[in-house]
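Visitor: coordinates only, sequence not included:
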């Protein structure tokens, strides 16, 4: 995973802390020609190594996607995702005038889905609160 792929708000896995954590900032140090990430203050010095979080059906449900017909997930009224664990992600965008269906096998991690969602909707994809 390249730091250049990440955005503020993306979720990553901290190997040192063994937790998923949200990115608060991304900095570029010209002197050392490298990027670094910032997370919550109490974890900032501890997050030295991190990995992408694999995209799974469990994560899609955490984000509030609704499963229809075993594999279709509702994104918006006219936008759906199909996720099959072995085949990856596919997207279907249906408008009054056209239908776009494309294979997105390269979307394998949570941060990539967050970035795709933002690019398509101009909204952040967040974990939905559990209702009791």
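Guide: Yes, it's here. Remember, it's a predicted structure, so these values are computed and weren't measured experimentally.
Visitor: State which helix of the chain is the longest.
Guide: If you go by DSSP state H, the chain has its longest helix at helix 110-121.
Visitor: buried stuff in that helix?
Guide: Under the neighbour-count criterion of 16 or more other C-beta atoms under 10 Å, helix 110-121 has 110, 111, 112, 113, 114, 115, 116, 117 buried. Using the backbone N, CA and C atoms, a C-beta is placed for each residue, glycine as well.
Visitor: what would the residues you listed look like in a markdown table with distance to residue 33?
Guide: As requested, these are exported to a markdown table (distance: C-beta to C-beta, whole Å):
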| residue | distance to residue 33 |
| --- | --- |
| 110 | 28 |
| 111 | 23 |
| 112 | 25 |
| 113 | 29 |
| 114 | 27 |
| 115 | 24 |
| 116 | 29 |
| 117 | 31 |
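Visitor: ok, of those, which one's closest to residue 27?
Guide: Distance from residue 27 was checked for each of these by C-beta to C-beta. The minimum falls on residue 111, at 17.2 Å.
Visitor: Tell me the one of the buried residues of helix 110-121 nearest residue 50?
Guide: For residue 50, the nearest member of those is residue 111. The distance, counting by C-beta to C-beta, is 10.3 Å.
Visitor: contacting residues for that closest one?
Guide: With contacts defined as C-beta atoms under 8 Å, 6 or more residues apart in numbering, residue 111 is in contact with 1, 5, 6, 7, 10, 11, 12, 52, 53.
Visitor: Residue 82 and residue 57, how far apart?
Guide: 12 Å (C-beta to C-beta, to the nearest Å).
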